[in-house]
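Participant: no letters, just coordinates:
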Ligand code: CP
């Protein structure tokens, strides 16, 4: 078994393996009309979502993914748990393992929480978002959605627009896409972009037009009010300068796709008009999220085959 703490911790071979599994999971779901896989690859296994921050997509898609693989999904509701009596992260994690969960899916506001969890647990930890660190399964599902619509990652121009500085989604996407050969542009208002690119193949700019020109993929980011205390931009100004509407989308390639990790602040990051555009794939990203998380659960929980043996996902 193995943990997924971040894209930075994965090799290129791991990334390609996970994406190949995710593509096969998506194909298996489409062939089977969305029904659980047979035989069930994770029959008898139990996973728990332990989320210290709110979620709709990530938490629910892990539950759906587990169900489709034959595993039993549980939730530890932090707001109604002994965390409220002062139980710390280490003891909560150790309790999850003692309860018999085979994997812990952790979302936490502190950057590095998942990497820490992996040091105290004997079962896999999957990072479902740690502070401003990483959101690796979001990057995998986004790559799967891009592959589905564009057929490749290498050579694509991907513009990631918004509050890049506080975005774990932007960081994981930039690391994954640039390492697999895409040309990544990180773009946002001064003060909300990083001082330096996180890896080779990434350009940082405050010029929206430059980022959008001939882009194959435009990915808008959510304004994270919860992480912007004291530096929250004026939302009207943000929308006028950085929001994506029909006029901005015109700069991208005619066959560009428009993405957003969700939840969308409608009328701020995205003009409602472009959300109804056929190029907008936001809901398809959610569908890809189920397949990508199935791939991650199977990758984490199925024993690694001996060297030379095939470690193929079921249903492929
Ligand atoms: N994209 C994403 O992480 O959404 P949720 O916060 O709804 O899980």
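Facilitator: Cool, the structure landed. Only a predicted model underlies this, so the values are computations on that prediction, with no experimental measurement involved. Numbers count the residues shown, from 1 in each chain.
Participant: how about the residues of the stretch 51-200 of the chain by the ligand?
Facilitator: Near the ligand, the residues belonging to the stretch 51-200 of the chain are 55-58, 129, 138 when assessed by CB under 6 Å from any ligand atom. Every residue, glycine included, has its C-beta placed from N, CA and C.
Participant: all helices of the chain, in order?
Facilitator: Assigned by DSSP state H, the helices in the chain fall at 12-31, 57-69, 89-98, 113-120, 136-150, 168-179, 208-212, 235-242, 246-249, 272-275, 282-301.
Participant: looking at these, which is nearest to residue 224?
Facilitator: In terms of CB to CB, the element of these nearest to residue 224 is helix 168-179, at 9.4 Å.
Participant: which single residue of the stretch 151-300 of the chain ends up nearest the ligand?
Facilitator: Closest residue of the stretch 151-300 of the chain to the ligand, CB to the nearest ligand atom: residue 261 (3.7 Å).
Participant: quick one, what contacts that residue?
Facilitator: Contact criterion CB atoms under 8 Å, 6 or more residues apart in numbering gives 57, 135, 138, 142, 169, 219, 221-222, 285 as the residues in contact with residue 261.
Participant: nearest to residue 246 among these?
Facilitator: The nearest one, if we look at the contacts of residue 261 relative to residue 246 and count by CB to CB, is residue 219, at 17.1 Å.
Participant: how many neighbours does the residue nearest to the closest one when sequence neighbours are not counted have?
Facilitator: Of all residues not flanking residue 219 in the chain, residue 259 sits nearest, at 4.3 Å (CB to CB, 6 or more residues apart in numbering). Neighbour count for residue 259, taken as other CB atoms under 10 Å: 24.
Participant: same thing with the one 10 residues further on?
Facilitator: Taking other CB under 10 Å as the neighbour definition, residue 269 ends up with a count of 21.
Participant: now it. Nearest residue, chain neighbours left out?
Facilitator: residue 220 is the one closest to residue 269 (CB to CB, 6+ apart), at 4.3 Å.
Participant: against residue 112, how distant is the residue of the stretch 151-300 of the chain closest to the ligand?
Facilitator: Residue 261 sits 21 Å away from residue 112, taking CB to CB, to the nearest Å as the criterion.
Participant: tell me which residues touch the residue nearest to residue 286 when sequence neighbours are not counted, please.
Facilitator: If the residues on either side of it in the chain are set aside, residue 286 comes closest to residue 57, at 5.7 Å by CB to CB, 6+ apart. By CB under 8 Å, 6+ apart, the contact list for residue 57 reads 261-263, 286, 289.
Participant: among these, which two are most distant?
Facilitator: Between all members of the contacts of residue 57, the farthest pair (by CB to CB) comes out as 263 and 289, at 13.2 Å.
Participant: which of these two has more neighbours?
Facilitator: Using other CB under 10 Å as the criterion, residue 263 and residue 289 rank with residue 289 on top: 27 against 12.
Participant: find me the pLDDT at the residue nearest to residue 286, would you?
Facilitator: At residue 57, the predicted lDDT confidence score is 98.
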